[in-house]
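Asks: With the input below, show me the fold.
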Amino acid sequence: MSDVVGIAGDRIRSFVERIQQIETEFKDLTEAKKEIIAETKGEGFDVKVLKEIIKLRKQDQEERDEHESLLDVYMGAMDEVAPVPAAQAA
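Replies: Numbers count the residues shown, from 1 in each chain. Model prediction:
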């Protein structure tokens, strides 16, 4: 290991190369994800809904229940407020 003024060059090179490798892998995975999304669109699936399913599958049941409860509360609160006509909102 080379040591210039207390800096371990080989160790730094190792970190840099590992980070670059991960960045390359990340880029490849991102490209693969884009291809899958294009495939789902091509087969007529709603990608927005599929992304929502993926988001929900990452959550445990308790998180999902809490999310649904808050959604219901917020939607109910909006229903109680009289909507502002579009002409007045602008």
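Asks: you'd agree G44 is in a strand?
Replies: No: going by DSSP: H, G, I helix; E, B strand; the rest coil, the assignment for G44 is coil, not a strand.
Asks: Quick check, pLDDT for the residue most central in space within the chain.
Replies: Nearest residue to the geometric centre of the chain (CA atoms, centre = their mean): K55, 8.1 Å. Listed pLDDT for K55 reads 92.
Asks: Quick check: which element contains it?
Replies: Using DSSP states H and E, K55 sits in helix 47-58.
Asks: Return the alpha-carbon coordinates of that helix using PDB.
Replies: What follows is helix 47-58, C-alpha atoms only, in PDB (Å, rounded to 0.1, in the frame of the first residue of the first chain):
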ATOM      1  CA  VAL A  47     -47.800   1.500 -15.300                       C
ATOM      2  CA  LYS A  48     -49.000   4.000 -12.700                       C
ATOM      3  CA  VAL A  49     -51.100   1.300 -11.000                       C
ATOM      4  CA  LEU A  50     -48.300  -1.200 -11.200                       C
ATOM      5  CA  LYS A  51     -46.000   1.300  -9.500                       C
ATOM      6  CA  GLU A  52     -48.600   1.800  -6.800                       C
ATOM      7  CA  ILE A  53     -48.800  -2.000  -6.200                       C
ATOM      8  CA  ILE A  54     -45.000  -2.100  -5.900                       C
ATOM      9  CA  LYS A  55     -45.100   0.700  -3.300                       C
ATOM     10  CA  LEU A  56     -47.800  -1.100  -1.300                       C
ATOM     11  CA  ARG A  57     -45.900  -4.400  -1.400                       C
ATOM     12  CA  LYS A  58     -42.900  -2.700   0.200                       C
END
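Asks: Nothing else from me, thank you.
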